[in-house]
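Asks: Give me a model of this one.
(2 chains)
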Amino acid sequence: MPTKVEKDVVTGTHTTGHEWDGIKELNTPLPKWWLYVLWATVVWSAVYFVLYPSVPWFTGYFKGVLGYSQRVTLENALKDARAAQAKYRTKIKTATPAAILKDDELRSFAIAGGRSAFADNCAPCHGPGGGGRPGAPVLADDDWLWGGTIEQIYQTVRYGVRSGHDEARAGDMPAFANDDTLKPDQISAVADYVLALSGKGTATEAGRKIFADNCAACHGANAKGNSGVGAPNLTDAIWLYGRGKKAIVSQVSMPKHGVMPSWTGRLDAETIKMLAVYVHTLGGGK
Amino acid sequence: MNEAVNVENAVSVRAQAEAREGKDAVKIPADDMPFYADRVRVYPRKVEGGFRKLKWAALFVLLAIYYGTPWIRWDRGPNAPDQAVLVDLDGRRFYFFWIEIWPQEIYYAVGLLVLAAFGIFLATALAGRVWCGYACPQTVWTDLYMWVERLIEGDRNRRIMLDRAPLTVAKAVKKVVKHTAWIVIAALTGGAWVIYFQDAPTLARDLVAGQLSLTTAFFIGLLTFTTYLLAGWAREQVCTFMCPWPRFQAAMFDTDTLIVTYKGWRGEPRAKMTPKPDWSSRGDCVDCNACVAVCPTGIDIRDGQQLECISCALCIDACNAVMAKVGRPANLIGYDTERRAQARAAGEPLGYRILRPRTVLYALLMVAVGTVMLVMLATRTDLEINALHDRNPLFVWLSDGGIRNGYTIKVLNKRATPRVFNLTVSGVPGATMRVVGQTAEAGAAVALAAKPDRVAEYKVYLKAPAGSLKAERTDIRFLLTDSKTGAVASRASFFHGPER
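Replies: Take a look at the predicted model:
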């Protein structure tokens, strides 16, 4: 360490006395106010430490003089949001789904609430936006197994399909391959007939007769279906378990039966109504 | 001629700091060298002259623009604000006289910033730090504050004496009056800033009635505080220690850049004025220190180009007044270029080149950006359509074998009148549309209404009849036509069908 302040010959500036490999550091003093700004920020941080939660403590953590907590802030925000929703929710509680659909304000609220409830509860089977999956019907199209009016949709959402609830939608198609109710060639013939209903291939008289004897009871003589028992319309372009003869033969032989839970008891009454309204507006509501 | 020349007792900040440091160096051991320096106060003297007049004019015009602009009214009809320049953050609109910018057109603001950047580059390449010297808000407001200070406390010497004098009632009164005046100016500055964002007369009424919102009050307070702090207290410290511009402006300088220069070849050897000076044996500089006394950043321009110099040219005015008194040619300190200085030394003809690669490049870039902006502004439409295809589900198979796709259609009506549009689509033969919430039957065209100066959003279902699709994905185009004026906007999208 030099004992005397040294002056750099070239710049005329004092050096700090620090030297590395012959290179000396010049001392260009910082303005004092700059240092004061640093101290001001240090003081500011000390104030922060006192006002806000700052350090771990034996009993948890130091909570700060202001008692601020992000969790409490969130809870208050949620409480505010619920309070803001209360006036719509009370209206929805007493209104019928059809009335909600007619009221612009309630409908927008129900669609927003229904959308979020749908994403949580329905989308796993029916797909986001009601796009459907094999076995879980498309909710955005214009074909409905159990009826597409708002009341019918509401009924289905409330009690489910083959859910075990007393009010549940029910209707089982028999397995025609069991006990040889229909022989394989008969099943093939009726499948051809069903395909021909929507203009694919040609039907045989045998197939028409088998259909009239075995299927028309539920699907109707003209095969337009029956929403009371969930018998689908066989003349349209929509197929729950797949297109083509193979899928039809499989469904006639050993039918699959989709199950949808009853949402009563799982979701509150308002949410179920909002879900019905949302599903109705997906594109196919009648 | 040969009036008495007043010799100023002025020493540059740098010299004062060095003197102070030198004294310390004798007293203290090396290990205790101070790493922080006390501020050396600058007391600029009043000066008169051409550049001072120019600076006053710039100050007046710039402050008039700043304080006055929000009060200009501009009639836009019943559905829009009538303030000529308004940044409406709540309504998400920027109004500039006849132009109204929507948030998605922020590139106009970007273009302006790019233009401003190239403009300051060009100005710097041509004439050094003209921005710093004449137009920078820091300079303008500091000038205004110094003028107020001089009115209340007197000129340089009286201010120095006042600061050195012990506190008396008279001194306290002067200081209180000065700071009050400063704070009033600062509050007006903060208030003017806020009315660029809100209706000026309404805000003024609210202010009088004491009904300012917390946000408004906060921003007025913040701008008041920063103005008072920066123009009243910090001053040249901002330019020297905070502002990045002085540090990189040298990148725009070249040997043809006009710089405030002390012409040492003429001035040296400097000597004090004598009754009968022999100008052949001495320089023109009479060492009166007038240039140092008037400098707002406290430098001695005779030391050469320095970081602290903001090119305000006040030293030119001060020196010219002295040169006139002693009967020597003006502009001992003046705007000059390095190339001219070298040419003079070599005895070559002096010249000044304006057209240089860098100035031409900066100018060309400005022209290019300006042209792009003008073209975009001229071809700007007051109607736009956006089409967002539904992601889930991509398509829906309908019972009659038709395929339906859903779209969110946004109609941007940038006019102050309500409009009705006709929406058609091309690309899928026989396609029909239906608007969710409308009772009208599905058809080849639908009517969409849009409120004045608003975005209207509609959910539209487009249905392709069975067998009309040739591919999994079909390109389509929505066409929006104003049913009254016939103005059109279109947007490409696609129609998704089942896998083939």
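Asks: Could you list the domains of the chain?
Replies: In the absence of a named chain, this looks at chain A. A:72-168+A:260-280, A:178-253 (automatic domain parsing).
Asks: hmm, I had chain B in mind actually
Replies: Split by automatic domain parsing, chain B gives B:1-380, B:383-496.
Asks: What is the neighbour count of the residue lying closest to B:Phe97 once chain neighbours are set aside?
Replies: Nearest residue to B:Phe97, sequence neighbours excluded (C-beta to C-beta, 6 or more residues apart in numbering or on different chains): B:Ala84, at 5.3 Å. The way it works is simple: take the backbone N, C-alpha and C, and place the C-beta from them, glycine included. For B:Ala84, the count of nearby residues is 17 (other C-beta atoms under 10 Å in any protein chain shown).
Asks: same question, the one 4 residues further on
Replies: Counted with other C-beta under 10 Å, residues neighbouring B:Asp88 total 16.
Asks: Bridged to it, which residues?
Replies: Beta-bridge pairing for B:Asp88 (DSSP bridges): B:Arg93.
Asks: Just confirm it contacts B:Glu100, I think it does.
Replies: No. At 9.6 Å, B:Asp88 does not count as touching B:Glu100 under the criterion of C-beta atoms under 8 Å.
Asks: Can you check which residues contact both of those two?
Replies: B:Phe94 (C-beta atoms under 8 Å, 6 or more residues apart in numbering or on different chains).
Asks: Look at the nearest residue to B:Phe121 once chain neighbours are set aside and give its secondary structure.
Replies: Once flanking residues are discounted, B:Phe121 sits nearest to B:Tyr362: 4.9 Å by C-beta to C-beta, 6+ apart. Judged by DSSP: H, G, I helix; E, B strand; the rest coil, the three-state class of B:Tyr362 is helix.
Asks: Who are the contact partners of B:Tyr362?
Replies: B:118, B:121-122, B:125.
Asks: Buried residues in the lengthiest strand in chain A, which are they?
Replies: The strand that spans the most residues within chain A, counting by DSSP state E, is strand A:15-20. Of the residues in strand A:15-20, those with enough neighbours to count as buried (16 or more other C-beta atoms under 10 Å in any protein chain shown) are A:15-17.
Asks: ok, it near chain B or not?
Replies: Yes. Shown here: strand A:15-20 in contact with chain B (C-beta under 8 Å from any C-beta of the partner chain) through A:16-17.
Asks: Run through the neighbouring helices and strands of that strand.
Replies: strand A:23-26 (3 or more C-beta pairs under 8 Å, 6 or more residues apart in numbering or on different chains; DSSP states H and E).
Asks: what pLDDT does the residue with the largest distance to the centre of chain B get?
Replies: For chain B, the residue at maximal distance from the C-alpha centroid (C-alpha atoms, centre = their mean) is B:Asp400, at 63.0 Å. Per-residue pLDDT puts B:Asp400 at 89.
Asks: what does A:Met1 give?
Replies: 43.
Asks: before we move on, what about B:Lys27?
Replies: So B:Lys27 comes in at 54 (pLDDT).
Asks: At which residues are the helices of the stretch 101-250 of chain B located?
Replies: B:107-127, B:130, B:137-153, B:156-164, B:169-194, B:200-209, B:214-227, B:236-237, B:245-248 (DSSP state H, counting those that start in this stretch).
Asks: Listing request: residues of the chain with sub-threshold pLDDT.
Replies: Since you didn't name a chain, this refers to chain A. Within chain A, the ranges that satisfy pLDDT under 70 run A:1-5.
Asks: You answered for a different chain; I wanted chain B.
Replies: B:1-3, B:21-33.
Asks: Which residue lies nearest the spatial centre of it?
Replies: B:Ala116 (7.5 Å).
Asks: got the residues of the stretch 151-286 of chain A near chain B?
Replies: So the stretch 151-286 of chain A meets chain B at A:198, A:233, A:236-238, A:281, A:283-284 (C-beta under 8 Å from any C-beta).
Asks: Distance to B:Ala217 and neighbour count added to the contacts of B:Tyr362, as JSON lines?
Replies: As requested, the contacts of B:Tyr362 are exported to JSON lines (distance: C-beta to C-beta, whole Å; neighbours: other C-beta atoms under 10 Å in any protein chain shown):
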{"residue": "B:Phe118", "distance to B:Ala217": "38", "neighbour count": "20"}
{"residue": "B:Phe121", "distance to B:Ala217": "39", "neighbour count": "20"}
{"residue": "B:Leu122", "distance to B:Ala217": "40", "neighbour count": "19"}
{"residue": "B:Ala125", "distance to B:Ala217": "43", "neighbour count": "25"}
